[in-house]
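Asker: return atomic coordinates for the entry below.
(2 chains)
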Amino acid sequence: MPDWKQEISKQLVGLNLPPSREQEIIEELSIHLEDLYEEIVAEGATPEEASREVLSSLSHSDLLAELRVTERMALIDPIPEGVVNSGHLLADLWLDFRYAARMLRKTPGFTTAAVLTLALGIGANTAVFTIVNSLLLNPLPVEHASQLLAMNSAVSKNTREPVDLRPISFLNLKDYREKNHVFSSLAGYSSLTTLTISTGPESQRLFAEVVTGNYFDTLGIRPLIGRFFLADEDVTPGAIPVVVIGYAAWQGRFGGASDILRRTIKLNNVAFTIIGVAPQGFKGVNAIFGPDLWVPSMMAEQVLTAQQHNALVDRAILTFTGAGRLKPGVSLAHAQVDLKTVADALEKEYPDTNQGQTVSLKPITEAAIPTNQRQGLLLGSVFLMAIVGLVLLIACSNVANLLLARAAARRQEIAVRMALGAGRWRLVRQLLTESVLLGLLSGILGFFFGYEGCQLLALFRPAEVAQNFVDPHLNANVFVFVLVVALFTGLIFGIAPALRSSRTPIVEALKEETRTAGRSARHITLANALLMGQVAVSLVLLVTAALFLRSVQREYTMDPGFETKNLAMFMLYPGQQGYDRTRTEHFYKDVRDRLATVPGVASLSWATNLPLWQRAETGIAAEGHEKRNKSEAISSVINTIDLEYFSTMGIPFLAGRDFTEDDRQGATPVAIINDTMASRYWLDQNPLGKRLQLPGQTELRQIVGVVKTADYQTLGEAHQSCVYVPLRQNYSDAMVLYVRSERNPEQIISALQGEIRNIDPTLPINDIRTGTKLIEQALWGAKIGVGLLGVFGFLALGLASIGLYGIMAYSVNQRQREIGIRMALGAGQSSVLSLILRQGMTLVLSGVGLGLILSVLLGRALSKFLYGIGASDLPSFAGASLVLLFVAMVACYLPARRASRLDPLVALREN
Amino acid sequence: MGMPLEQEWKKGSAELLILSLLKDQPRHGYDIGKLIESRSGGKLRFHIASLYPLLYRLENRGWIQGRWVEKPNQRRRRYYRLTAQGQKTLAQQRHSWKEFVGAVSRITGVQHA
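Answerer: Okay, the predicted model is just below:
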């Protein structure tokens, strides 16, 4: 009698079943054969005849093929027969999803790797989009934002041009409110103004907006607790000191106290009653930086600076931006026409102040970002979105590579399905469902990554004003964005592998042995192309990050036009402590005299402006450059300064003289200008002795000196005009004290503070800055930007190297037999190592080559945003390439080392 | 030319036959093959290569369940029994089979024996 078990196991060769399963089948079938044999013998046949008959029944059967079908199906967990295509789309989809979920569960390693990779890419996109969404797309938590317009005054010649928008005076705003026909309500809000809040002996600085009584109603904001301003609270100047505080201020400064309402706080030495708290997330019409509290317009005199004290009665003092809610059915164009007629009437009625003025309207969401920052933010956002888009692309191509490798391993499964009659498109759909499911899972995880990323980013806000920053907020936009990205991601990385798999030649695939399955040249080619692309894109991102990093480094060493070393600044607002003019002027002099005696002080002076925080003003008239009307005048930074300002700041004189004790009230009004202004308006002339007029002033000032131009608003800015006027001729009740020290200013700051306290212990001294800190702050935005670029660059590099590692490891695994033969024929470890390394690094090098070309092109496009370095800056390109090559080398080396340590015997036997 | 009878019935009703045979008691593979052959008067016959893969497929679907059983003086054999899901499937298949046969009879005029 033959050994039945042996006969059966001969039949099962090539099935590659799990050993235990194979044993089971062999045992069961051999018993069957034995039964059959015994039966035939019992019927009277000889043992030889019986054996022959049994064996022939076995040899003529297609046991192998049948078992291959059933056993493979068992392994791959089939779609139940009969429901391969129910014709019902939703039912199919549900089946596909359930099946896809099972497949993903079966390969947890693959699933985890793919989901993590994609989630990182989606997370980066979510984070950037959340910020873009908060800043640009949907910045204000107001009711029906599309009905709200922001209103500014503008030069009548050119109302479309957003460059020269200015606030509106209170009286004009009132007239616009009464005479327009298009707004159901029109409110006004001031720009941020700093206030001093005193609680006991302590005092702090905070930011406030002066708003008209109907401000919150117009925006459609409801109080979180308490109430907002009533109509009769905003009628009589100075009568009813009430204040609404923001949510962050309530939580931060008042610890979320439940008895906050009716509390009295001292603002600028005036007692205000808190009547309400604004809802969380509302920070005025500001997308970036908002106030701590709101004060009704009738309290303007108490909270605004001395120059604006007459804001409620003087049409020349421009304080408010209008916020109007359109009546139903009114368009922006219609509103513009209507308000233009009001503006024309006002111009006729008040030519002194309103000549050449008209109004400009724009959607309120645009007004939420200062005009001069909008362009940059928009550009930056697009740029960052492109960067994270590339990161996601790398993640996608990584997963596509994983899928290709997996598709190779699944060729037999696919072939079985097709042999069973699955249509090609049905299969593609099934495979795509799997990748879309992967995409969705990654979307969920990526959403959390993105959210956490935003929170992390929020930590980098300057601590002292962190609560004034608008928090990045999640809303429907973000959810929809993530969903769409996740779905598209799933389709993008899934489609090529799915199409390829569905083209599997059935017979070939079924005949293949699993170990070598799918090692077709085309798979590797597509994978290699994807990988090369990844390397190229990673390099582009790294080079970009490096370029900007070097640019920011250069900016640190940039000369801002004044000496930043050994410089300390103190902001002092005696006017807000209730000082009158005489007392304030005394105070300024006292401080200068007494602080000059503090050891280590080289010199000191006062000025209204903080360096790098200055804004150009328009409305200056220059002699010899008379314009058709006032509003067409020159724009310039205006700084009111005390004696010895230029020597303290280290700004060199080019011509003329400094201000002296004699430049006081009653003497000839004088001014000093910078060389930019001199060359702009008095080129080839001597500017000394020429005269100019400042906005809102009637007297002509004689130019007595010319100094070198500095940076006023941002580091490395285009040169701006600047006019300096003497403090004695242009009183201000809020000034910055500049102290030039002999050594590190940090060492004498407390001595200086002590001396100021000796003069007035109640006066708050806040915002102490040193020159170097000032530069730090000025570069804060740039540093955050570079930080993000760096993070995304390294994320891309990380993803690309994981991809590289994956494909190298896979390829080594597939080439085991070949490597085994090579080694058996005498190839040494080092030659195998170099074989594999060469294969990987060839790929990397071609990627680097492509990346360098792309980087040069991109660098050219970015060159105008770079400071102090060329678009093809060698250190950036070389540094980025070296980092990438090093990481890629490691990613190739690990699989190569494994290959070189293969035991040729084992490698050959396994195949 | 039509398919051989064996192939034709196998395609349509082999599952039903096996489920029916397991309805009352668990049986092993050889027993199932013999029963089909004897009860059909030798008309229906299962090869080892078609019977076992079919059993495995039914088992994969959870309709039947196999278990190794050792009885005194006998070989260790794998007995298959109907699961609850198998019971349900059998009922469904019997029903549709009856309908099918009924329909064919009405059309062809062939009466039940």
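Asker: please, which helix or strand holds B:G66?
Answerer: Using DSSP states H and E, B:G66 falls within strand B:64-70.
Asker: now do the top helix by length along chain B against strand B:64-70: the angle between them, please.
Answerer: Among the elements of chain B assigned as helix by DSSP state H, the one spanning the most residues is helix B:84-108. Angle between the axes of helix B:84-108 and strand B:64-70 is 120 degrees (criterion: axes from the mean of the first three to the mean of the last three Cα atoms, to 10 degrees).
Asker: run through the neighbouring helices and strands of helix B:84-108.
Answerer: If you count contacts as 3 or more Cβ pairs under 8 Å, 6 or more residues apart in numbering or on different chains; DSSP states H and E, helix B:84-108 packs onto helix B:5-21. Every residue, glycine included, has its C-beta placed from N, CA and C.
Asker: pLDDT averaged over the helix it packs on - what is it?
Answerer: For helix B:5-21, mean pLDDT is 69.
Asker: following it, which helix or strand shows up next?
Answerer: Toward the C-terminus from helix B:5-21 - assigned by DSSP H and E - lies strand B:27-28.
Asker: what does that following strand contact?
Answerer: A:31, B:21, B:35, B:77-80 (Cβ atoms under 8 Å, 6 or more residues apart in numbering or on different chains).
Asker: tell me the strands beside that strand, with direction?
Answerer: When pairing is defined by DSSP bridges, strand B:27-28 lines up against strand B:76-82 (antiparallel).
Asker: list the buried residues for the strand it pairs with?
Answerer: B:77-80, B:82 (16 or more other Cβ atoms under 10 Å in any protein chain shown).
Asker: cool, and stretch A:550-559?
Answerer: Applying 16+ other Cβ under 10 Å to stretch A:550-559 flags A:550-552, A:555, A:558 as buried.
Asker: alpha carbons of it, in PDB - could you do that?
Answerer: This file holds the C-alpha atoms of stretch A:550-559, laid out as PDB (Å, rounded to 0.1, in the frame of the first residue of the first chain):
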ATOM      1  CA  ARG A 550      20.600  82.500   6.400                       C
ATOM      2  CA  SER A 551      18.600  85.500   5.400                       C
ATOM      3  CA  VAL A 552      17.300  85.900   9.000                       C
ATOM      4  CA  GLN A 553      20.800  85.500  10.400                       C
ATOM      5  CA  ARG A 554      21.900  88.300   8.100                       C
ATOM      6  CA  GLU A 555      19.000  90.400   9.400                       C
ATOM      7  CA  TYR A 556      20.400  90.100  12.900                       C
ATOM      8  CA  THR A 557      23.600  91.700  11.800                       C
ATOM      9  CA  MET A 558      21.700  94.300   9.700                       C
ATOM     10  CA  ASP A 559      22.400  97.900  10.600                       C
END
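Asker: let's test this: mean pLDDT of that stretch, rounded?
Answerer: Per-residue pLDDT over stretch A:550-559 has a mean of 84.
Asker: geometric centre of the chain: which residue is closest?
Answerer: Defaulting to chain A. A:V128 (4.2 Å; Cα atoms, centre = their mean).
Asker: wrong chain, I was asking about chain B
Answerer: Nearest to chain B centroid, counting by Cα atoms, centre = their mean: B:I18, 1.8 Å.
Asker: how close does it sit to B:R67?
Answerer: Distance of B:I18 to B:R67, given as Cβ to Cβ, to the nearest Å: 16 Å.
Asker: OK, contacts around the spatially closest residue to A:L393 that is not a sequence neighbour?
Answerer: In this structure, A:L393 finds its nearest non-sequential neighbour in A:V537, 6.6 Å apart by Cβ to Cβ, 6 or more residues apart in numbering or on different chains. A:V537 makes contact with A:390, A:393-394, A:796, A:800, A:851, A:854, according to Cβ under 8 Å, 6+ apart.
Asker: buried ones among those residues?
Answerer: Looks like the contacts of A:V537 have A:390, A:393-394, A:796, A:800, A:851 buried, using 16+ other Cβ under 10 Å.
Asker: would you turn those into JSON lines with pLDDT?
Answerer: Formatted as JSON lines, those follow (pLDDT from 0 to 100):
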{"residue": "A:L390", "pLDDT": "90"}
{"residue": "A:L393", "pLDDT": "89"}
{"residue": "A:I394", "pLDDT": "89"}
{"residue": "A:A796", "pLDDT": "88"}
{"residue": "A:A800", "pLDDT": "85"}
{"residue": "A:G851", "pLDDT": "93"}
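Asker: kindly reformat these as CSV containing distance to A:V330 and secondary structure.
Answerer: Below are the buried ones among the contacts of A:V537 laid out as CSV (distance: Cβ to Cβ, whole Å; DSSP: H, G, I helix; E, B strand; the rest coil):
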residue, distance to A:V330, secondary structure
A:L390, 44, helix
A:L393, 45, helix
A:I394, 49, helix
A:A796, 49, helix
A:A800, 54, helix
A:G851, 53, helix
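Asker: burial of A:H473, as a residue count?
Answerer: Using other Cβ atoms under 10 Å in any protein chain shown, A:H473 has 16 neighbouring residues.
Asker: so what's it up against?
Answerer: Neighbouring residues of A:H473 by Cβ under 8 Å, 6+ apart: A:130, A:133-134, A:141, A:281.
Asker: filter the residues you listed to the buried ones?
Answerer: A:130, A:133-134, A:141.
Asker: which element follows the helix or strand bottoming out on mean pLDDT in chain A toward the C-terminus?
Answerer: Within chain A, no helix or strand scores below helix A:506-511, which has a mean of 65 by mean pLDDT, DSSP states H and E. Per DSSP H and E, helix A:506-511 leads on to helix A:521-556 as the next helix or strand towards the C-terminus.
Asker: thinking again about what came up before, and the residue nearest to the centre of chain B, what does it touch?
Answerer: B:I18 sits in contact with B:32, B:54-55, B:58, B:64, where contact means Cβ under 8 Å, 6+ apart.
Asker: now those in TSV, with neighbour count, secondary structure and pLDDT?
Answerer: Formatted as TSV, the contacts of B:I18 follow (neighbours: other Cβ atoms under 10 Å in any protein chain shown; DSSP: H, G, I helix; E, B strand; the rest coil; pLDDT from 0 to 100):
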residue	neighbour count	secondary structure	pLDDT
B:I32	20	helix	91
B:L54	20	helix	86
B:L55	23	helix	89
B:L58	24	helix	87
B:I64	25	strand	91
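Asker: ok, stretch A:412-419 near chain B or not?
Answerer: No - judged by Cβ under 8 Å from any Cβ of the partner chain, stretch A:412-419 stays clear of chain B, getting no closer than 12.7 Å.
Asker: residue ranges with poor pLDDT in chain A?
Answerer: A:60-61, A:72-89, A:156-164, A:200-202, A:504-524, A:626-633, A:909-911 (pLDDT under 70).
Asker: give me the domain ranges for it.
Answerer: According to automatic domain parsing, chain A comprises the domains A:4-76, A:89-139+A:374-517, A:145-368, A:519-559+A:773-911, A:567-772.
Asker: to B:G41, which of those domains lies closest?
Answerer: Proximity to B:G41, assessed across the domains of chain A by Cβ to Cβ, is greatest for domain A:4-76 (17.4 Å).
Asker: is the closest one anywhere near chain B?
Answerer: Yes - Domain A:4-76 lies within reach of chain B by Cβ under 8 Å from any Cβ, at A:24-25, A:27-29, A:31-36, A:57-58, A:61-63, A:66-67, A:69-71, A:73-74.
Asker: now list the buried members of the residues you listed.
Answerer: A:24-25, A:27-29, A:31-36, A:58, A:63, A:66-67, A:69-71, A:73-74.
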